[in-house]
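I would like to see how this sequence folds:
(2 chains)
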2 protein chains.
Amino acid sequence: MASLTSADLHTSLRNPVFGSVEFLNEVMCRYPDAVSFAPGAPHPDSFADLDTNRYLQRFLEHAVTRLGHGPAGARRLLYEYGPSRGLINDLVADALCRDQGIDVTQDALVVTVGAQEGMLLALRALIRSADDLLAVADPCFVGIVGAAHLLCVGMVAVPESGHGVDLDALRAACRTARRAGKRVRACYVAPDFSNPSGNRMPLGCRKRLLQLADEEDFLILEDNAYGFTAAPGTELPMLKALDTTRRVVHIGTFAKVCFPGARVGYVVADQTIHGPNGEKRLLADELARLKTMVTVNTSPVCQALIGGMLLEHGGSLAETSRRRAALYRRNLAHLLDALDRGTESGLPPGIEWNRPEGGFFVRMRLPVPADEALLEISASVYGVLWTPMAPFHLAGGGEHTLRLSCSYLNPDQIETGVERLVAFLRAEIRP
Amino acid sequence: MASLTSADLHTSLRNPVFGSVEFLNEVMCRYPDAVSFAPGAPHPDSFADLDTNRYLQRFLEHAVTRLGHGPAGARRLLYEYGPSRGLINDLVADALCRDQGIDVTQDALVVTVGAQEGMLLALRALIRSADDLLAVADPCFVGIVGAAHLLCVGMVAVPESGHGVDLDALRAACRTARRAGKRVRACYVAPDFSNPSGNRMPLGCRKRLLQLADEEDFLILEDNAYGFTAAPGTELPMLKALDTTRRVVHIGTFAKVCFPGARVGYVVADQTIHGPNGEKRLLADELARLKTMVTVNTSPVCQALIGGMLLEHGGSLAETSRRRAALYRRNLAHLLDALDRGTESGLPPGIEWNRPEGGFFVRMRLPVPADEALLEISASVYGVLWTPMAPFHLAGGGEHTLRLSCSYLNPDQIETGVERLVAFLRAEIRP
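Predicted structure coming up:
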């Protein structure tokens, strides 16, 4: 009988994040009546108006009237493999131009199986050897950390706060790496309402980060899943929209704007790659090559669903996501309001939280460790769950911080959850 | 401006296979009227009876009547993320048991974005460090070679022929590796009508390979995309069906059995993994963990399409694929017959081909190099395309061999293509 031990398997499988995710899932199973502020899942109401059949038909019409396919040929597009770079690149490029001011041709874009595959492809293309490092804003989304572990990519953590990523620390990291014969090849940031911190990078920091990338010669991996939740008129330009020197590889997803079950994301990679014989390609071409080794291509059915959904909304991301964005803003406002109301009569000292202007997440700091033991008490005695932040921190820290997600809850659940959370904080937190 | 050279990118992007695939695509574009025996694509007729809406409805019924969801909850399954291990694992496990005699619980199965993601996940989990090697049957499917390059996995080529993989060479490779302080951790084989060679591994070789895996302590990665094309009654048992000691990790795909656009495959990984504190998990659990870093989960819409299609055919893979299997057998028989008829009056000496009993591919040996220069002549003067085999060979060889694929052609195209091929061979091949 084949006998294997966990030590026989790749080290990425021993990433502590897995343990914490599994612990959370396990606690949620044990306390099914608890209100859980843990998952960053989409709200069920965000699916109410979805219609797979209608979107597919809408895309097929587009394929006939705009792409020049016959009806049978259009239908075949859904069933065949299709190009690795994608099938709806024109629609995505148009939407990015229209909504984000990101001026990019469809050739510079690869459609991926969610943002996650986009991160994996970008890392694999750009990190050549153990001498290339990835800087990450810390605390950091587990998806990029996981992808880096899977590819054995070395990481440098750079502190991030409500003021953005610490540019002095990033510059120092570049220089330290250079002195050691290495280089920071890319820096991962999620500038808009990042998961897990909810932080938004101020405009000044965005500009200075782009300048630093030029000065220290690194690329920026911009992950933007939550920017669409900003209130109309309060949006900040994406890094890619400010990128005049092609420093930014922009990773997007339709998981929140449309729905996660489509598993459709994209990478904008308009950097020119110079070949040994003077030939030029785009980084997007290289990512599409790598994609043939990972998933071959993104399901054309899924791409057609997203394409049809975009077309139904005039090709605009903002229109497509309007109702969902409003729902998430309502939930976030409700959470912050419930926290304010619930704590009017006071809380133990040393408890504070941030007030993000968008996204799915609020971060709360406690005067005691927000660890699994405390979560167990919160779940079993008070019926409320949250996510410990420490596993999101690469360089330590976050031990006293928890994350509250309100994305998939209804207002009454948020209300009940906050009541329970406040009762928990009042009774259990003794600084 | 960010300036990058191809030497700055990961070495997997310089895999020569990419160059040969791009050359083929480029030749096909330049000669649109040529008959191409190059792509191993599915036949357009195989899509004729597909109906995405009907399959989704069929799956939703199943989710309500068998899985206990309410109608709204069933519908939500399509739109949410869903579990990394998959949504239709029960249906796939049932089908494998019913059709292949593979006795596996749904827990031991992960649904993947095609077989390609399955290969990547299996390699990543099992290859721990540079000391772990992957043996591959040579010539070899480019997907496994590409995934190995992407993950920097060292490979050992083991010759494969119509008699199966060379077991003496495989044993020697294991022992050589061991003497160098390394180990052959897994051996990749495609036992049924492999791409590119069309070879089928005889039953005796299957049994001896399993025995060797026990003796030399390696796992077998079985890739089986083409087994369903065997004529009824002529099927050989899959390696996983013969696997009494859990040596086989079985990788399957619905790309040919159903349709490629779904991008749904699966891995059967029922090996027990012993943790440091006595806990036990299945290898499938570990693959699902890794999947969260690659694609998070396989689109539930796509899984529902495949699930609905299986349900429509009584849950049987054989029933689901019956019409498609007959179509591919017809095409293969037609190609072999046309080659026989077309060459009745003789060919230059030294030209021979194999006679696979299934699959998409026939291999032809020439007395001269079957290289890109010869392909250019074949395309430009004779209007017929084929695939040079050398890029499929890891350890050299195949320089005189070409691959003919007949999967996506109609009988009249096969007829015309063979006439052109024979004219080309008679005029251009001078041994």
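
Would you confirm that A:L366 contacts A:W353?
No - shown here, A:L366 and A:W353 do not form a contact pair, counting by CB atoms under 8 Å, at 9.9 Å. To be clear about C-beta, it is placed using only N, CA and C from the backbone, and glycine gets the same treatment.

Show me which of the two is the more surrounded one.
Higher neighbour count among A:L366 and A:W353: A:L366, with 21 against 18, using other CB atoms under 10 Å in any protein chain shown.

residue contacts, the more buried one?
A:350-351, A:374, A:400-402, A:425, A:429 (CB atoms under 8 Å, 6 or more residues apart in numbering or on different chains).

ok, now A:D103?
Residues near A:D103 by CB under 8 Å, 6+ apart: A:C97.

What separation is there between it and A:H250?
A:D103 sits 12 Å away from A:H250, going by CB to CB, to the nearest Å.

In chain A, what residue spans correspond to helices?
Along chain A, counting by DSSP state H, helices occupy A:16-30, A:52-65, A:71-79, A:89-100, A:114-126, A:142-150, A:167-179, A:203-216, A:283-291, A:300-312, A:317-342, A:372-382, A:411-428.

quick one: the longest one to chain centroid distance?
The chain centroid and the centroid of helix A:317-342 are separated by 18 Å under CA atoms, centre = their mean, to the nearest Å.

so it versus helix A:300-312, what angle?
Between the axes of helix A:317-342 and helix A:300-312, defined by axes from the mean of the first three to the mean of the last three CA atoms, to 10 degrees, the angle is 90 degrees.

Helix A:317-342 versus helix A:411-428: what angle between them?
Going by the same axes, to 10 degrees, helix A:317-342 makes 40 degrees with helix A:411-428.

does helix A:317-342 come close to chain B?
No - interface with chain B: helix A:317-342 contributes nothing (CB under 8 Å from any CB of the partner chain), its closest point being 11.7 Å away.

okay, now the residue of the stretch 51-200 of chain A found nearest chain B: neighbour count?
The minimum distance from the stretch 51-200 of chain A to chain B, using CB to the nearest CB, falls at A:G146 (3.6 Å). Neighbourhood size, A:G146 [other CB under 10 Å]: 23.

How about A:A269?
The number of residues near A:A269, taken as other CB under 10 Å, comes to 28.

Next, find the distance separating it from A:L212.
A:A269 is 20 Å from A:L212, where distance means CB to CB.

elements contacting the one helix or strand in chain A whose mean pLDDT sits lowest?
When the helices and strands of chain A are compared on mean pLDDT, DSSP states H and E, helix A:16-30 comes out lowest with a mean of 85. Contacts defined by 3 or more CB pairs under 8 Å, 6 or more residues apart in numbering or on different chains; DSSP states H and E place helix A:16-30 against helix A:142-150, helix A:372-382, strand A:384-385.

helices and strands around the shortest one, which ones?
Meaning strand A:384-385. In terms of contact count using 3+ CB pairs under 8 Å, 6+ apart, strand A:384-385 is assigned the packing partners helix A:16-30, strand A:35-36, helix A:372-382, helix A:411-428.

now that strand: mean pLDDT?
For strand A:384-385, mean pLDDT is 98.

what does stretch A:164-180 give?
pLDDT averaged over stretch A:164-180 gives 98.

Likewise for stretch A:217-237?
96.

can you list the domains in chain A?
Residue ranges for each domain of chain A read A:15-40+A:321-428, A:52-315, as given by automatic domain parsing.

First-to-last residue distance for the first one?
Spelled out, it's domain A:15-40+A:321-428. Domain A:15-40+A:321-428 has an end-to-end distance of 30 Å (criterion: CA to CA, to the nearest Å).

Distance from the chain centre to that domain, please.
19 Å.

Next: the last one.
Between the centre of domain A:52-315 and the centre of its chain there are 10 Å (CA atoms, centre = their mean).

that older thread, could you say which of the domains of chain A is packed most deeply?
Highest mean neighbour count among these (mean count of other CB atoms under 10 Å in any protein chain shown): domain A:52-315, with a mean of 21.

From one end of that domain to the other, what's the distance?
OK, domain A:52-315 end separation, CA to CA: 17 Å.

What residues does the stretch 201-350 of chain A have near chain B?
Residues of the stretch 201-350 of chain A lying close to chain B by CB under 8 Å from any CB are A:213, A:217, A:219, A:245-247, A:255, A:259-263, A:271-276, A:281, A:283, A:286, A:289-290, A:292-302, A:305.

So which of the residues you listed sit within strands?
Residues of these located in strands (DSSP state E): A:219, A:272-274, A:281.

Save the residues you listed as JSON lines, and put in distance to A:L87 too.
Putting these into JSON lines (distance: CB to CB, whole Å) gives the following:
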{"residue": "A:L219", "distance to A:L87": "27"}
{"residue": "A:T272", "distance to A:L87": "24"}
{"residue": "A:I273", "distance to A:L87": "23"}
{"residue": "A:H274", "distance to A:L87": "29"}
{"residue": "A:R281", "distance to A:L87": "20"}
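
Could you find the two of those residues that are most distant from each other?
With distances taken as CB to CB, the most widely separated pair in those is A:L219 and A:R281, at 16.0 Å.

Stretch A:402-419 near chain B at all?
No - shown here: stretch A:402-419 not in contact with chain B (CB under 8 Å from any CB), separated by at least 9.4 Å.

Give me the average confidence score over that stretch.
The average of the pLDDT scores along stretch A:402-419 is 96.

So which residues make contact with that stretch?
Outside stretch A:402-419, the residues that touch it by CB under 8 Å, 6+ apart are A:35-44, A:196, A:328, A:330-332, A:334-335, A:338-339, A:342, A:353, A:360-364, A:366, A:370, A:384, A:386-389, A:392, A:421.
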